[in-house]
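*Asks:* 3D model of this:
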Amino acid sequence: MLVWVLFIAAILLFLALDLGVFNKTPHIISSKEAGIWTGIWVTLSFLFSGLIYWLYQEGHIPNPEDYTPLVASMKFITGYLIELSLSIDNIFVIAVIFSSFRIPQKYQHRVLFWGILGAILFRGLMIFFGVILINKFSWMTYVFGLFLLFTAGKMLFKKEESHFNPKKSFIYRNLRKVMPITMHLDHEHFFVQRKHIRAATPLFVALIVIELMDVLFALDSVPAILAITPDPFLVFSSNIFAILGLRSMYFFLSHMLNKFAHLEYSLIAILSFVGIKMLLVHFYKFPEWVSLSFIAVALGIGILVSLRSKDPA
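*Replies:* So this is what the prediction gives:
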């Protein structure tokens, strides 16, 4: 319990420093700044896997699965890579949302900050109930496995011309029914006073759409990581590190998203692999190095093919 409290406290401390110190004044985040922060988060994530090794070695975390320290550390890295790779799709959607609502670059960080705070809460709840379901009903692994295969198939055969339009989405149309919305910005404010009406600005609308879209993405990512381990601390911590690094990765990749169009095939391969892994979990358990290697290779191939391709998909 102490480890959980310290971990969550560290997250909240960083978020407070992030908004109150590092990004107190709204500004356009350059690719260089975003690249540095992306490198910092990836480095911290891999260093945390070493801390995972120590925590499990010293018995500071309940270990119902009886993992060795090395296995626990590898499962964290595998889960982190899965969440990081599945975040790529999220980055594409975030870019579309910001473009649709014409959110200036200097205010995008503020929207993503509060979006990630909400994502941490929602992911935590989904992980909590997902772990309970898998531990209570072993057949739920088959349900999750089939769902991941269905998602992979849907991604593979989706129509090229289908594009997400936030302003025509179910979320936006229903949000307009419950509150006044203005399409005029007022600096970094989420709400503005118009005569006797308090109206939501495009920043708040974008925040809500991003928040609810993240919940939809979590329907894929949470079952995917539960295929790696039902250990709640490993699932939660790997999710959090991927989410915290999502903002800097967005600003780092936002100007060259078209170069990574082929990454979608890597995501399809990863979702298919973890889906099959869940379906076979009661018959055969893949060695941890196989899962880690497959995900790393699939992600690496997707990046290389995308960068070398002259004609983005």
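*Asks:* Just to check, Leu212 is in contact with Phe170?
*Replies:* No. Counting by Cβ atoms under 8 Å, Leu212 stays clear of Phe170, with 9.1 Å between them. All C-beta spots, glycine's among them, are computed from the backbone N, C-alpha and C.
*Asks:* Residues that sit against both of these two, list them.
*Replies:* Counting by Cβ atoms under 8 Å, 6 or more residues apart in numbering, Leu212 and Phe170 have no shared contacts at all.
*Asks:* In terms of packing, which of those two has more residues around it?
*Replies:* Leu212 (16 against 8; other Cβ atoms under 10 Å).
*Asks:* and the more buried one, what element?
*Replies:* Secondary structure assigned from DSSP states H and E places Leu212 in helix 202-226.
*Asks:* what are the ranges of the strands in the stretch 51-200 of the chain?
*Replies:* Along the stretch 51-200 of the chain, counting by DSSP state E, counting those that start in this stretch, strands occupy 191-194, 197-200.
*Asks:* circling back: next secondary structure after the helix holding Leu212?
*Replies:* Downstream of helix 202-226, the first helix or strand assigned by DSSP H and E is helix 232-244.
*Asks:* For that next one, C-alpha coordinates in CSV please.
*Replies:* The C-alpha trace of helix 232-244 is given here as CSV (Å, rounded to 0.1, in the frame of the first residue of the first chain):
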residue,chain,number,x,y,z
PRO,A,232,-2.5,-4.3,-10.8
PHE,A,233,0.7,-2.4,-9.9
LEU,A,234,2.5,-3.4,-13.1
VAL,A,235,-0.6,-2.7,-15.3
PHE,A,236,-1.3,0.7,-13.6
SER,A,237,2.3,1.9,-13.6
SER,A,238,3.1,1.0,-17.2
ASN,A,239,-0.2,2.7,-18.2
ILE,A,240,0.7,5.9,-16.3
PHE,A,241,4.2,6.2,-17.8
ALA,A,242,2.8,5.8,-21.3
ILE,A,243,0.1,8.4,-20.6
LEU,A,244,2.5,10.9,-19.1
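*Asks:* same for it, what does it pack against?
*Replies:* helix 2-17, helix 31-57, helix 69-100, helix 105-136, helix 202-226 (3 or more Cβ pairs under 8 Å, 6 or more residues apart in numbering; DSSP states H and E).
*Asks:* Can I get those in TSV including distance to Pro180 and mean pLDDT?
*Replies:* Formatted as TSV, the helices and strands packed on helix 232-244 follow (distance: least, Cβ to Cβ, whole Å; pLDDT from 0 to 100):
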stretch	distance to Pro180	mean pLDDT
helix 2-17	30	86
helix 31-57	34	90
helix 69-100	19	85
helix 105-136	19	84
helix 202-226	11	84
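*Asks:* what's the closest of the ones you listed to Ser293?
*Replies:* helix 69-100 (9.4 Å; Cβ to Cβ).
*Asks:* now the closest one, how far from the centre of its chain.
*Replies:* 5 Å (Cα atoms, centre = their mean, to the nearest Å).
*Asks:* Show me what that helix is packed against.
*Replies:* Against helix 69-100 (3+ Cβ pairs under 8 Å, 6+ apart) you get helix 31-57, helix 105-136, helix 202-226, helix 232-244, helix 246-253, helix 263-279, helix 288-308.
*Asks:* Of the ones you listed, which is nearest Ile91?
*Replies:* Closest among these, using Cβ to Cβ: helix 246-253, at 5.0 Å.
*Asks:* Next, the angle helix 69-100 makes with that closest one.
*Replies:* Helix 246-253 runs at 60 degrees relative to helix 69-100, counting by axes from the mean of the first three to the mean of the last three Cα atoms, to 10 degrees.
*Asks:* before we move on, the earlier item: reformat the helices and strands packed on helix 232-244 as CSV; add distance to Ile303.
*Replies:* Compiled in CSV, the helices and strands packed on helix 232-244 are given as follows (distance: least, Cβ to Cβ, whole Å):
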stretch, distance to Ile303
helix 2-17, 27
helix 31-57, 14
helix 69-100, 10
helix 105-136, 23
helix 202-226, 19
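*Asks:* wait, which of those is closest to Ile276?
*Replies:* helix 202-226 (11.8 Å).
*Asks:* now that closest one, how far from the centre of its chain.
*Replies:* 8 Å.
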